[in-house]
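Participant: sequence-free structure coming up:
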């Protein structure tokens, strides 16, 4: 009787720890993906708008003739 209660409590503790570990990794992966998307968006915006306060003529991906 005591052994069965100990095994049940040990298995429930294991399941709780395992579930928290899975939740932690899920949150970690989602936050990493969100940060990567934010960085990608910033890089795209910088490439489209250029670094010089949105002056599109000085943008890196638009070829302008040399002055």
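Facilitator: Received, thanks. On a predicted model such as this, the values are computed, not experimentally measured, just so you know. Numbering: from 1, shown residues only.

Participant: Can you give me the separation between residue 8 and residue 15?
Facilitator: 11 Å (CB to CB, to the nearest Å). The way it works is simple: take the backbone N, C-alpha and C, and place the C-beta from them, glycine included.

Participant: same deal with residue 34?
Facilitator: 28 Å.

Participant: what mean pLDDT does the helix or strand hosting residue 22 have?
Facilitator: When elements are assigned from DSSP states H and E, residue 22 belongs to helix 2-49. What helix 2-49 shows for mean pLDDT is 75.

Participant: For residue 20, see how far away residue 10 is.
Facilitator: Residue 10 is 16 Å from residue 20, by CB to CB.

Participant: what's the distance between residue 24 and residue 8?
Facilitator: Distance of residue 24 to residue 8, given as CB to CB: 25 Å.

Participant: What of residue 37?
Facilitator: Taken as CB to CB, the span from residue 37 to residue 8 is 43 Å.

Participant: cool, and residue 31?
Facilitator: 35 Å.

Participant: cool, and residue 21?
Facilitator: Counting by CB to CB - residue 21 and residue 8 are separated by 20 Å.

Participant: Residue 38 too?
Facilitator: 45 Å.

Participant: Ok, residue 39 next?
Facilitator: 47 Å.

Participant: Which positions within stretch 17-34 qualify as buried?
Facilitator: Within stretch 17-34, no residue is scored as buried using 16 or more other CB atoms under 10 Å.

Participant: what residues does that stretch touch?
Facilitator: The contact list for stretch 17-34, computed with CB atoms under 8 Å, 6 or more residues apart in numbering, is empty.

Participant: Report the contact partners of residue 8.
Facilitator: With CB under 8 Å, 6+ apart, residue 8 has no contacts at all.

Participant: Likewise for residue 15?
Facilitator: By CB under 8 Å, 6+ apart, residue 15 has no neighbours at all.

Participant: One more: residue 13?
Facilitator: Contacts of residue 13 (CB under 8 Å, 6+ apart): none.

Participant: Distance of it relative to residue 25?
Facilitator: 19 Å.
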